[in-house]
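**Student:** Pasting the sequence and the predicted coordinates here, then a few questions.
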Amino acid sequence: MAKVKTVFICTNCGVNSPKWVGKCPSCEEWNTYVEEVITKPTKQEEKSRAWNHDSGSKGSPRPIPLPEIKAGTTQRIVTDDGEFNRVLGGGFVPGSVILIGGAPGIGKSTLLLQLALNLSGTILYCSGEESEEQIKLRADRLGPNQPNCYILTETNTSKILTHAQQVAPQLMIVDSIQTLSSPYIESAPGSVSQVRECAADLQRFAKETNIPIVIIGHITKEGSIAGPKLLEHIVDVVLQFEGDRNYSYRILRTIKNRFGSTDELGIYEMQASGLREVSNPSELLLSQKDEDLSGSAVSATMEGLRPMLIEVQALVATAVYGTPQRTATGFDLRRLSMLLAVLEKRGGLPFGQNDVFLNIAGGIRVDDPAIDLAIVSALMSSLEDIAIPTDICFAGEVGLSGEIRAVNRVEQRIQEADRLGFKEIFISKYNTKGLDTKRYQIKITTIGKIEELYRALFE
Ligand code: TYD
Ligand code: MG
């Protein structure tokens, strides 16, 4: 019989200790230790693990001089989903482990089932969350069923990996890591030691068989992937699927990628028949309207490496109560307060007695500082109740003294605005170095200060 042992594990960094500690000596976080019951496998049990290192067909690795390692022989598995390929940096690398996190109901299972149904090779989809019939129902909604897509509803990692060895799929999907349990560990599924052990088993399996594995992970209240931070270290790629549940747009972001850039992102639209790739986001994020309304401005932002034109809407109204309200959707509230303070102090505009509401169209969250200029313009437009023509867009960061600062990749932004038929773009005057304005049809207006922006727009 196996020995029963308990250890205390830091839920933040995964370090363990034989006794409880208030402050983790490794990551210095407080109150992160939880007790876990672990059962050390006996020698025989260890041997019986089908994918065990010693019994692996390749034998144990030996040191090889770098030039002797053949590169370029591994072919990436290119999926049908252009956005997913882009995010991965050109398809799945054989033997890689991809972790995808996201809020409940955002569409992680849908995204991966859809991916599985559109690949021509054999796919193994292991689900610990839904029954076979539920998956079948979902698959029927997503399109024609693929005979090479195998569904396995199992939560025992050993059994999953034994099945996986028999099926020998081209790609394996595990939904979700928190439902898996290793028979060698006694603690509950989803606990730190289970998640860590199962992830390590999956990773070892992937490396030995060269089968890429996609793991779905739940996220915590704070939005990070649940379980030990170690999980993110084990896997090769960490992706985040996000979006506002009340809107249909979803963004697939790369947080870590050992085989590609983390600047790439994929955009999808959730429809009744599954997720649709959005290859041209700007056209969807700009609201179609005929008349010019005050309080709205278009920003030429960048999401990762992709230029995207997004509409910003502001509403400035007289405050009913003593303390004015400030509300922002899709934008950092503290940054909004800062921009309002700059407008008040440097531009002399009376925002102090007004309620301010700000909204970024499409339920998208923007962190690009270049959106500042559009926000400031929308705020001024609403305050003055003068509309900004719909064929003008903005790209610039606003500094604390009211100066308009340069932003990165300005040419790409201008190009996208030009392509979408905008007539004029406002950028910082510090952004013009090396800029060939004659290449574009769009009129490029450069400004240096908030006051100049006000004059250019409203006088
Ligand atoms: P799901 O993939 O189950 O989310 P997760 O695995 O991240 O928890 O997605 C569930 C949501 O997706 C659900 O609210 C309904 C929506 N949905 C559609 O709008 N269209 C579809 O074709 C499918 C399958 C789901
Ligand atoms: Mg799910």
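**Tutor:** Yep, it's here. Ligands and ions are numbered 1, 2, ... in the order given.
**Student:** Confirm for me that residue 239 is in contact with residue 87.
**Tutor:** Yes - Residue 239 is in contact with residue 87 according to CB atoms under 8 Å; the separation is 6.4 Å. Yep, even glycine has a C-beta here, placed from its N, CA and C like the rest.
**Student:** which residues do the two both contact?
**Tutor:** Here residue 239 and residue 87 have 252-254 as joint contacts, going by CB atoms under 8 Å, 6 or more residues apart in numbering.
**Student:** Could you pull up the residues touching residue 330?
**Tutor:** Per CB under 8 Å, 6+ apart, neighbours of residue 330: 244, 359-360, 363-366.
**Student:** Please read the previous query as pertaining to residue 229.
**Tutor:** By CB under 8 Å, 6+ apart, the residues touching residue 229 are 12-14, 27.
**Student:** cool, residue 241 as well?
**Tutor:** Residue 241 touches 100-102, 106-108, 111, 250-253, counting by CB under 8 Å, 6+ apart.
**Student:** now the residue of the stretch 151-300 of the chain found nearest ligand 1: how far from residue 124?
**Tutor:** Going by CB to the nearest ligand atom, ligand 1 is nearest to residue 274 of the stretch 151-300 of the chain, at 4.2 Å. In this structure, residue 274 and residue 124 are 20 Å apart, going by CB to CB, to the nearest Å.
**Student:** Give me the more crowded residue out of the two.
**Tutor:** residue 124 (24 against 19; other CB atoms under 10 Å).
**Student:** what helix or strand is that one on?
**Tutor:** If you go by DSSP states H and E, residue 124 is part of strand 123-127.
**Student:** Now that strand: buried residues?
**Tutor:** Within strand 123-127, the residues that count as buried by 16 or more other CB atoms under 10 Å are 123-127.
**Student:** That one pairs with which strands, and in what direction?
**Tutor:** With DSSP bridges as the test, strand 123-127 is paired with strand 149-152 (parallel), strand 171-175 (parallel).
**Student:** wouldn't residue 396 be in contact with residue 370 here?
**Tutor:** Yes - if you go by CB under 8 Å, residue 396 and residue 370 touch, sitting 6.2 Å apart.
**Student:** So the two - more neighbours on which side?
**Tutor:** residue 396 (33 against 26).
**Student:** Common neighbours of residue 396 and residue 370, please.
**Tutor:** Between them, residue 396 and residue 370 share these contacting residues under CB under 8 Å, 6+ apart: residue 407.
**Student:** and the gap between residue 341 and residue 349?
**Tutor:** 11 Å.
**Student:** again but with residue 79, I slipped
**Tutor:** Residue 79 is 50 Å from residue 349, by CB to CB.
**Student:** Equivalent analysis for residue 116, please.
**Tutor:** Applying CB to CB, the value for residue 116 to residue 349 is 54 Å.
**Student:** Which one of the two is surrounded by more residues?
**Tutor:** A count of neighbours by other CB under 10 Å puts residue 116 above the other of residue 116 and residue 349, at 26 against 20.
**Student:** Can the helix or strand hosting the more buried one be said to contact ligand 1?
**Tutor:** For residue 116, the host element (DSSP H and E) is helix 108-117. Yes - remark: helix 108-117 sits within contact range of ligand 1 at 108-110, by CB under 6 Å from any ligand atom.
**Student:** Output the below-cut-off pLDDT ranges for the stretch 1-150 of the chain.
**Tutor:** Where the stretch 1-150 of the chain drops to pLDDT under 70, the residues are 1-4, 39-59, 72-74.
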